[in-house]
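Novice: Curious how this folds, go ahead:
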Amino acid sequence: MHRPIIKLVADFGPLLVFFIIYFNNENDLKVAIPPFIIATIVSLLVIYFLEKRIPMVPLTGGIIITLFGGLTLYFDNKVFFYMKPTIINILFAGILFFGKYFSKKPLLKIFFQAAMDLENEGWKKLNDRWILFFIFVAVLNEIVWRTQSEIFWVNFKVWGLLPISFIFAASQITLINKYKIKK
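Specialist: Below you'll find the model as predicted:
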């Protein structure tokens, strides 16, 4: 297998495992969460094996998945798992906000400077947009899990949040191109 394919499977495999087990076991979160946690840990190990490090975003996600999945099982309370996307997104928004206002540096620049070289104004705008996006997704998750059925929420988590995130990321290409430093 090629490295990008393995990385793609490591990134999205745990979510696929969760989705398949959830829907093949009478929509039971308690049955789907343990394999999801195990698949997440395995994917982090695969990423570490490939890159000799685990990037902050998958590591943070893995810790929160394990923590909130474990709390859901231990306390037999699904609310912990429903709130996981909210907490992850608020955490990411908070980290970017902290970098902007307290370190006076957009943290996106630190995280992604190796991938792209933008003018400082571009990094600031991109950072602000991601802060707002993470807050939007956190609020959206809260609205969905509090007003819809569990099955709807699971489908939203898998088939709604991912496309929304991809569309948002793709919509930033014009900003990135506008502020890209030409060498």
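Novice: Now stretch 60-72: buried residues?
Specialist: Residues of stretch 60-72 classed as buried: 61-62, 64-66, 68-69, 71-72 (neighbour count, 16 or more other Cβ atoms under 10 Å). Glycine gets a C-beta too; all of them are placed from N, C-alpha and C.
Novice: go on, stretch 25-44?
Specialist: Per 16+ other Cβ under 10 Å, stretch 25-44 contains these buried residues: 29, 32-33, 35-37, 39-40, 43-44.
Novice: again with stretch 14-25
Specialist: Across stretch 14-25, burial judged by 16+ other Cβ under 10 Å covers 14-15, 17-19, 21-22.
Novice: Check this protein for its longest helix and report it.
Specialist: As assigned by DSSP state H, the longest helix anywhere in the chain is helix 120-147.
Novice: mean confidence score for that one?
Specialist: Mean per-residue pLDDT for helix 120-147: 96.
Novice: which residues touch the helix or strand just after that helix?
Specialist: For helix 120-147, the following helix or strand on the C-terminal side (DSSP states H and E) is helix 150-155. The contact list for helix 150-155, computed with Cβ atoms under 8 Å, 6 or more residues apart in numbering, reads 19, 22-23, 27, 29, 78, 82, 144-145.
Novice: out of the residues you listed, which are inside strands?
Specialist: Residues of those located in strands (DSSP state E): none.
Novice: Any chance of CSV for those residues, columns distance to A115?
Specialist: Shown next, in CSV, are the contacts of helix 150-155 (distance: Cβ to Cβ, whole Å):
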residue, distance to A115
F19, 29
Y22, 33
F23, 35
N27, 38
L29, 35
K78, 37
Y82, 32
V144, 31
W145, 33
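Novice: Kindly indicate which of these lies nearest K178.
Specialist: V144 (33.2 Å; Cβ to Cβ).
Novice: what's the neighbour count on P55?
Specialist: With neighbours defined by other Cβ atoms under 10 Å, the count for P55 comes to 12.
Novice: For K157, which non-adjacent residue is closest in space?
Specialist: Nearest non-adjacent residue to K157, counting by Cβ to Cβ, 6 or more residues apart in numbering: P85, 6.4 Å away.
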